[in-house]
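take a look and give me a structure for this.
(chains A, B, C and D)
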Protein chains: 2
Amino acid sequence: MRGNLFAVAVDLVVLTVRDAELCALLVRRDTPPFTGRWGLPGGFVLPHEDLLDTATRRLSEETGLALHGHHLEQLASYAAPDRDPRGRVLTVGHIAIVPRPPEPIAGADASGTAWHPVAKLIDGAAADALLAFDHGRILADGVERAQSKLEYTTLAASFCPPEFTVTQLRHVYEAVWRRSLDPRNFHRKVTGAENFIEPTGETAIRDRGRPAQLYRRGTATLLHPPLLRP
Amino acid sequence: MRGNLFAVAVDLVVLTVRDAELCALLVRRDTPPFTGRWGLPGGFVLPHEDLLDTATRRLSEETGLALHGHHLEQLASYAAPDRDPRGRVLTVGHIAIVPRPPEPIAGADASGTAWHPVAKLIDGAAADALLAFDHGRILADGVERAQSKLEYTTLAASFCPPEFTVTQLRHVYEAVWRRSLDPRNFHRKVTGAENFIEPTGETAIRDRGRPAQLYRRGTATLLHPPLLRP
DNA sequence: GCAAAAGTGTTCTCGGTACACCCATGG
DNA sequence: CCATGGGTGTACCGAGAACACTTTTGC
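Next up, the predicted model:
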C-alpha cells in the first residue's frame, strides 16, 4: 500500500485531584530513550486493538484500576517526524479522569509511578523540557481540555467518589481551574442544573459544622446552563 | 521497536457555504477499495511530513487552493482494526474552512471532485453507508466541531471572502447551524464583539436596499462574549 | 452559647430576545 | 413614494455576582 509505516502508540493524561491540586500520573522511564525522565503512561497499539482498547488496557496495567465508570476520551494525535529518536512514531493522546485513588498505586507494573501536581509541570519556565518526548505538550493540551470541559459538561463529577458533597465537587472545580469560587452561588448552580447530581438522602459525617447532603452523579453529560469560568 | 506497524493517512473535511447550505468537498474514488463511492479528500503521510503538512499539501492538490489564511485544524484520529480492507490504516481527520471558491475547482487532480450539501450526508437514515470507509463518521464529527466552534471562536469569518457584510456573516451562521437568526440582534452582537470584524469604510454595491458596510476579519480568534446557539 | 460549615434569600447588573422604529438606496 | 434591506433604540427577562442571613452540627 505504501512503503512508509508508523508505529502507533497511545499516551494517557491521567488526572485526579489530591490535596486541592490537579495531579497527573507519570511514570519514570527505565528504558531508552529518555531513561530516568518522567513521561506519560502509554504503550503501543496491538494488532487487534482500537485506540480506546489500548488506552483502557494500559490504564489498568499502570494504575491497577479497571475502567469502570472512569472517564476516558481521545485528545489529539502527535506525529512530528523527529518526536521519537527511534523512528517514526505517531501517538494518540487521551485523557482519563479518576477519583482520588488509594495509595500506593496497586498493581502498577512500573516501579516509578507517581502523581505529580500539574502546576509545576506546565507553568515552569523550562516546563517543556521536564518530560520525555513531547509529553509536556500533550499534558498541557490535556489539562486545557479538562478545564474547558468542566464548563459545559458534567466531567467534574468523574473526579469524585461515588458519593460526594457539593463542597467536594466545588474543590474539583477550584483545583482544575485554579480559582476560588463562591460556595453559595456554586451550591445553587450545581443543585439547580438538570440531572448533574442527585441527592442520596444521606448526609456526610463531619467533625464540626452542619453535615452536608450527599449526592451521586446524575444522568446528564452536558450542563444546562454551563458553569463558566469567572 | 514493535512488529505491528500502521499506514498513516490524513483525511480532510473541507467545508464551505454555497447557496445558504453548508457543503463538504468530496472526491469520487477511482481505485479500490470503494471504487465509485464518494469519500473525503486525503492521502498518506510522507516520511518527512508532520500531519498538518500532509493536510496542507493534499488540500492544495485537490482543490488547487493554496492555504493562505484558510483555517485548518486537527479533528480526531480513527483506527478501528477493520476500517480499511487493505490492512491497518490509521487516519487523522482534519477540518478545513474555505470561502466559497470559484468553480469548477481549478487544479484538482481528481476528476470527480465536487461540493455536496452536508445535510443529506448526515441526516439521512442510511447516512453512514453513503461514503467510503468511516468517512461518514469523520464528516459528522467535523460538522459538529465547526458548529460548536462558531459559538466561541471567530471561525465563521473564515467562511467569508476577505471583505464581507454582516449579512453574509450571518448567512454563514444560519447555514452551519441550520437555524435562522434575528438580523438586528446579530448585527449588534458581531459589531460589538472585540476585534471580531473591523469596518473597511467601503460599502457593498446592492441592487436594492440600503448599501451595507464592508468588514474584514479582525485579529481576535476567541469570541468575547460567545454567540450561543438559540 | 460559640465556632464552623451548609444552605437560602435578596439585590444589582449585564447580556439575550423581541420587536418597534429609522436610514439609505433603486426603481 | 414605495419596496427592500441595513442599522439603532428600547423594554423585558433570566442568569450571574455579591453578600446578608438562617440552619445544623460539635464542643
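
what about the residue lying closest to residue A:230 once chain neighbours are set aside, distance to chain B?
In space, and not counting its chain neighbours, residue A:230 is closest to residue A:179: 6.1 Å by CB to CB, 6 or more residues apart in numbering or on different chains. Heads up, the C-betas are built off the backbone N, CA and C, glycines and all. Distance, residue A:179 to chain B, by CB to the nearest CB, to the nearest Å: 17 Å.

what's the neighbour count on residue A:179?
Applying other CB atoms under 10 Å in any protein chain shown, we find 10 residues neighbouring residue A:179.

what's the answer for residue A:191, then?
Residue A:191: 14 surrounding residues under other CB under 10 Å.

make sure it is indeed in a helix.
Yes: looking at residue A:191 with DSSP: H, G, I helix; E, B strand; the rest coil, it is inside a helix.

list the contacts for it?
Listed by CB atoms under 8 Å, 6 or more residues apart in numbering or on different chains, the contact partners of residue A:191 are A:166, A:197.

let me know the angle separating whichever strand in chain A runs longest from strand B:7-18.
Counting by DSSP state E, the longest strand found in chain A is strand A:7-18. Taking axes from the mean of the first three to the mean of the last three CA atoms, to 10 degrees, one finds strand A:7-18 and strand B:7-18 inclined to each other by 70 degrees.

can you check the pLDDT for the residue nearest to residue A:230?
You'll see residue A:179 listed with a pLDDT of 96.

one more: residue A:127?
68.

same question, residue A:208
So, for residue A:208, pLDDT stands at 86.

now residue A:3
54.

one step back: name the helices or strands packed onto the next helix or strand after the longest strand of chain A?
Toward the C-terminus, strand A:7-18 is succeeded by strand A:21-28 as the next helix or strand (DSSP states H and E). With contacts taken as 3 or more CB pairs under 8 Å, 6 or more residues apart in numbering or on different chains; DSSP states H and E, strand A:21-28 sits against strand A:7-18, strand A:38-39, helix A:51-63, strand A:113-117, helix A:118-123, helix A:135-152, helix A:166-177.

the residue of chain A found nearest DNA strand C sits in which helix or strand?
Closest to DNA strand C within chain A is residue A:209: 2.5 Å, counting by CB to the nearest atom of the strand. For residue A:209, there is no host helix or strand (DSSP H and E).

can you name the residues of chain A that neighbour DNA strand D?
A:182, A:184-185, A:189, A:203, A:206-211, A:225-228, A:230 (CB under 7 Å from any atom of the strand).

please produce a PyMOL select command covering the buried subset of those.
In PyMOL, this line selects whichever of these come out buried by 16 or more other CB atoms under 10 Å in any protein chain shown:
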select buried, chain A and resi 189+227
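
okay, and which of the residues of chain A next to DNA strand D map to strands?
Those of these lying in strands (DSSP E): residue A:203.

for the residue of chain A found nearest chain B, what are its contacts?
Proximity of chain A to chain B (CB to the nearest CB) peaks at residue A:5, 3.8 Å away. By CB under 8 Å, 6+ apart, residue A:5 lies in contact with A:88, B:5-8.

before we move on, the earlier item: next, format the helices and strands packed on strand A:21-28 as a markdown table and append distance to chain B and mean neighbour count.
What follows is these, written out as a markdown table (distance: least, CB to the nearest CB, whole Å; neighbours: other CB atoms under 10 Å in any protein chain shown):
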| stretch | distance to chain B | mean neighbour count |
| --- | --- | --- |
| strand A:7-18 | 5 | 23 |
| strand A:38-39 | 16 | 20 |
| helix A:51-63 | 5 | 20 |
| strand A:113-117 | 22 | 17 |
| helix A:118-123 | 20 | 16 |
| helix A:135-152 | 9 | 20 |
| helix A:166-177 | 17 | 20 |
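
now render those as JSON lines, adding distance to residue B:43.
Below are the helices and strands packed on strand A:21-28 laid out as JSON lines (distance: least, CB to CB, whole Å):
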{"stretch": "strand A:7-18", "distance to residue B:43": "18"}
{"stretch": "strand A:38-39", "distance to residue B:43": "31"}
{"stretch": "helix A:51-63", "distance to residue B:43": "21"}
{"stretch": "strand A:113-117", "distance to residue B:43": "39"}
{"stretch": "helix A:118-123", "distance to residue B:43": "35"}
{"stretch": "helix A:135-152", "distance to residue B:43": "25"}
{"stretch": "helix A:166-177", "distance to residue B:43": "39"}
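
which one of these lies closest to residue B:160?
Among those, helix A:135-152 comes nearest to residue B:160, with 26.1 Å by CB to CB.

packing partners of that closest one?
Judged by 3+ CB pairs under 8 Å, 6+ apart, helix A:135-152 is in contact with strand A:7-18, strand A:21-28, strand A:71-78, strand A:89-97, helix A:118-123, helix A:166-177.

next, the angle helix A:135-152 makes with the last one.
Using the same axes, to 10 degrees, the interaxial angle of helix A:166-177 with respect to helix A:135-152 works out to 140 degrees.

and for the first one?
Using the same axes, to 10 degrees, the direction of strand A:7-18 lies 60 degrees away from that of helix A:135-152.

now for strand A:7-18, which elements pack on it?
strand A:21-28, strand A:42-44, helix A:51-63, strand A:89-97, helix A:135-152, helix A:166-177.

what does chain A have sitting close to DNA strand C?
A:165-167, A:183-185, A:187-188, A:191, A:203, A:206, A:208-213.

where does the prediction get shaky in chain A?
A:1-3, A:67, A:102-111, A:125-128 (pLDDT under 70).

change it to 80
Across chain A, residues meeting the criterion (pLDDT under 80) sit at A:1-3, A:63-69, A:101-111, A:124-129.

smallest gap between it and DNA strand D, at which residue?
Nearest to DNA strand D in chain A, going by CB to the nearest atom of the strand, is residue A:210, at a distance of 3.0 Å.

give me the phi and psi for that residue.
Main-chain torsions, residue A:210, degrees, to the nearest 10: phi -70, psi 130.

re the thing from before, which of the contacts of residue A:5 sits closest to residue B:76?
Nearest to residue B:76 among the contacts of residue A:5: residue B:8, at 13.9 Å, using CB to CB.

now for the closest residue to residue A:149 other than its chain neighbours: which residues touch it?
Leaving aside its chain neighbours, residue A:149 sits nearest to residue A:155 (4.6 Å; criterion: CB to CB, 6+ apart). Applying CB under 8 Å, 6+ apart to residue A:155 gives the contacts A:71, A:97, A:146, A:149.

go on, residue A:180?
residue A:174.

give me the element it is part of.
Short version: residue A:180 belongs to no helix or strand, going by DSSP H and E.

hmm, residue A:123 and residue A:140 touching each other?
No: with contact defined as CB atoms under 8 Å, residue A:140 does not reach residue A:123; the gap is 9.9 Å.

related to what we said a few turns ago, would you list the contacts of residue A:155 in a markdown table and tack on distance to residue B:75?
Shown next, in a markdown table, are the contacts of residue A:155 (distance: CB to CB, whole Å):
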| residue | distance to residue B:75 |
| --- | --- |
| A:71 | 20 |
| A:97 | 22 |
| A:146 | 19 |
| A:149 | 17 |
